[in-house]
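>>> Next comes the sequence, and after it the predicted model I'd like to discuss.
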Amino acid sequence: MVLKMTEFFALLKDNSFIGLGQAGHALIGGRPLGIRLLCFLLILALALTLIPVQAASAQTKASQTVTLNFVGDILLASRIQDLIDAEGPMAPWIGVKDLLQSADFTIGNLECAVGTTGSPMPDKQWTFRASPETLQGLKDAGVDVVSLANNHTLDFGVEGLLETIENVKNYGVIPIGAGPDEASARHPVILEKHGIRIALFATSMVIPVWEWAAEGDRPGLAVDYSMWNHNIVTGIETVRPHVDYIVVYLHWGEERTTEPEDWVLRMEKVLRDAGADIIIGSHPHVLRGLRFDGKSLTAFSLGNFIFTTRPDCPACQIGAILSITLSKTAIEEVVIHPTEIVWGKTFVMEDQAKLDALATLDLLSGPFDTDITSSGQVLERIFPDVLDHWARVNVNKLARLGIVTGFEDGRFLPDKPVTRAEFATTLARVIAGKLELDNTDVPLFGPDEFTLCAPGHWAYTYLTYLAGMSILPAHDPEWIPDEFCPRAEVCTLLWKAAVRHNAANDMDKNGNGGTGEDAEDGAVTTGITDRLWSQFRNELESLDPESQTAVMWCISESLLMGYDDGTLRLDNPVTRAEAATIIRRFMNRQNNVP
């Protein structure tokens with residue numbers, strides 16, 4: 001049975017569910033608020049368990065990742081309405097539409113009512129309402145989902161809110177965080193692509209009066225607080241087993257301030273502890289810092305995105321597009337693109353303005369152990385000495401998995417040469433698929449059967465593991481584990497590991513694995529061999545035949561790169577940064593990339 005998400009929402013609004021009819025109404029309708037919410041959550045859990053939800057549509061990509069774009073506050077009323085009336089619905093979006101459309105899904109905060117009905121809230125300083133036609137630009141620019149959980153969508157009362165919801169839907173955009181009753185206001189949107197399922201919640205911590213909160217049958221917004229969070233926490237915990245990621249889009253914080261308040265930080269912890277992977281903030285109207293630990297991400301405020309120009313507040317003109325790439329198991333990449341509003345039109349920042357904005361974001365993110373690079377990459381701060389290093393991404397990826405580690409002072413020392421024992425240990429962890437090896441993982445060598453190092457050496461278990469697979473020799477008086485590892489030897493170890501990997505795969509498929517000589521993996525075609533021999537003959541001639549094959553194979557597989565002067569420098573030791581990069585390339589080749 002397949003149930004479209006829109007049908008699911010409609011059933012929830014009708015207080016019935018999948019053919020239960022009046023029994024469904026009896027189950028939910030007329031019950032106290034707490035019981036009604038519990039019933040809703042039970043129904044949601046059942047739906048997510050039994051029903052393959054039809055996700056929001058997006059164009060298919062070849063790669064098995066999903067890219068999400070998040071933006072901050074979107075105002076289509078006031079002087080933005082005037083701009084649209086004069087130049088058309090796309091006028092505010094023309095400078096950002098290409099970047100927005102490049103993502104699989106784009107999500108923002110629609111901070112106004114959209115329609116023609118309702119009356120402005122008495123005594124409220126700012127009330128915003130845009131005409132429905134303004135939504136055409138939002139849709140055409142690539143926005144897929146908008147949060148309505150904020151302090152302006154009820155500016156024109158319940159009638160205006162309900163019309164806003166319908167208008168947003170009519171333009172093919174998914175509204176979230178508001179509804180004709182509490183259950184629909186709190187339901188998550190499920191986005192899915194390439195088998196990656198993302199649950200998206202929206203809620204507000206900022207409303208002018210409590211009556212704006214949806215409660216029971218009363219229309220309104222999803223509202224939660226740091227000390228009153230049962231509903232959002234229960235919703236997250238209910239959906240968690242059925243999706244790969246949970247995103248919470250929050251309206252929180254004080255306006256025009258850059259440091260998260262204590263109550264904002266408390267709410268962030270509540271949501272992370274409940275299982276939220278990505279938390280996106282809006283309402284301050286200025287950029288705030290980010291917290292990224294490699295596994296979960298908080299953007300405390302993305303600032304104004306489409307908004308009126310305020311010359312008295314230059315920071316209010318600066319926003320951002322936050323691009324997050326997700327695989328099935330990890331946040332693969334986070335990049336932030338600063339934007340600027342110029343008289344109602346938003347543009348992606350470039351040149352020095354971009355660098356200045358990123359530097360400010362980096363400063364704001366520092367207290368949260370997060371670094372923003374000059375290209376906009378958002379990185380967890382694992383090692384302070386790799387922030388601007390060319391190998392930072394590879395080092396951070398492997399460090400996140402525990403495959404590489406730093407020193408006691410917290411540094412990684414990326415340009416320090418790696419020892420033979422260190423490189424062999426890293427390779428062993430990748431091949432074994434585990435960080436710590438024990439006696440059950442390694443062959444039992446007698447006292448004279450393994451002599452590369454003494455049993456008390458810190459790398460003994462890893463070295464015997466590789467020796468047991470004939471990747472390392474059991475005996476070699478010239479192989480000193482604490483000496484630096486030359487580039488040629490790195491190639492030999494990787495080549496032997498690849499040959500062994502292919503032989504194991506052949507055994508799995510055919511029941512009889514090949515030898516290193518017979519294994520297809522690890523071979524280099526004649527044409528490539530001739531070309532590489534001609535190019536690097538002076539350096540290859542001094543190697544034994546096995547090492548020659550290994551080096552040429554590593555070059556042909558793009559595991560080893562030459563220097564700008566056209567040399568390989570095979571006797572040079574590999575640095576810790578180079579080792580991390582080579583290992584990650586090897587993992588990519590073996591389809592074992594984090």
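Alright, I've got the coordinates.
>>> so where's the stretch 351-500 of the chain uncertain?
By pLDDT under 70, the stretch 351-500 of the chain has no low-scoring segment.
>>> all helices for it, in order.
Listed in chain order, the helices of the stretch 351-500 of the chain (DSSP state H, counting those that start in this stretch) span 351-365, 392-401, 420-432, 460-468, 487-510.
>>> Which among those is found nearest to residue 165?
helix 351-365 (33.4 Å; Cβ to Cβ). For the C-beta atoms, the positions are set from N, CA and C on the backbone; glycine is no exception.
>>> Pull out the buried residues from the closest one.
354, 357-358, 360-362, 364-365 (16 or more other Cβ atoms under 10 Å).
>>> Out of the residues you listed, which comes closest to residue 234?
Of all these, residue 365 has the smallest distance to residue 234: 30.7 Å, by Cβ to Cβ.
>>> ok, now which ones touch residue 585?
557-559 (Cβ atoms under 8 Å, 6 or more residues apart in numbering).
>>> That one is in what secondary structure piece?
Following DSSP states H and E, the helix or strand that holds residue 585 is helix 576-589.
>>> If you count neighbours, what's buried in that helix?
Using 16+ other Cβ under 10 Å as the test for burial, helix 576-589 gives 576-587, 589.
>>> Report the angle between it and helix 420-432.
Helix 576-589 runs at 20 degrees relative to helix 420-432, counting by axes from the mean of the first three to the mean of the last three Cα atoms, to 10 degrees.
>>> Out of the buried residues of helix 576-589, which is nearest to residue 134?
Closest approach to residue 134 among the buried residues of helix 576-589 (Cβ to Cβ): residue 584, at 46.2 Å.
>>> what two of the buried residues of helix 576-589 are the furthest from one another?
Every pair of these checked by Cβ to Cβ; the farthest is 576 and 589, at 20.5 Å.
>>> list the contacts for the closest residue to residue 480 other than its chain neighbours?
Counting by Cβ to Cβ, 6 or more residues apart in numbering, the nearest residue to residue 480 once its immediate chain neighbours are dropped is residue 420, at 7.1 Å. Residues near residue 420 by Cβ under 8 Å, 6+ apart: 479-485, 489.
>>> Swap in 10 Å and give it another go.
452-453, 459, 463, 472, 479-486, 489-490, 493, 573-574 (Cβ atoms under 10 Å, 6 or more residues apart in numbering).
>>> ok, now residue 554?
So residue 554 contacts 487-488, 490-495, 498, 524, 560-561, 568, 582, 585-586 (Cβ under 10 Å, 6+ apart).
>>> and the two most separated of these?
498 and 568 (18.8 Å).
>>> Now the buried members of the contacts of residue 420.
For the contacts of residue 420, buried by 16+ other Cβ under 10 Å: 452-453, 459, 463, 472, 479, 481, 484-486, 489-490, 493, 573-574.
>>> Kindly indicate which of those lies nearest residue 322.
For the buried ones among the contacts of residue 420, the nearest to residue 322 is residue 574 (35.6 Å; Cβ to Cβ).
>>> Could you measure from that closest one over to residue 228?
55 Å (Cβ to Cβ, to the nearest Å).
>>> Then residue 468?
Taking Cβ to Cβ, one finds residue 468 at 58 Å from residue 228.
>>> Same question for residue 397.
Residue 397 sits 39 Å away from residue 228, going by Cβ to Cβ.
>>> Looking at those two, which is more packed in?
Taking other Cβ atoms under 10 Å, residue 397 and residue 228 do not tie; residue 397 has more neighbours (21 against 10).
>>> What ranges does the stretch 201-350 of the chain have for its strands?
220-221, 245-251, 278-282, 290-292, 297-299, 304-306, 318-326, 331-342, 345-348 (DSSP state E, counting those that start in this stretch).
>>> which of these sits most buried?
Among the strands of the stretch 201-350 of the chain, strand 304-306 has the highest mean neighbour count (mean count of other Cβ atoms under 10 Å), at a mean of 29.
>>> strand partners of that strand, parallel vs antiparallel please.
With DSSP bridges as the test, strand 304-306 is paired with strand 66-74 (parallel).
>>> re earlier: please identify which of the contacts of residue 585 is nearest to residue 190.
Taking Cβ to Cβ as the measure, residue 190 lies nearest residue 558 of the contacts of residue 585, at 38.5 Å.
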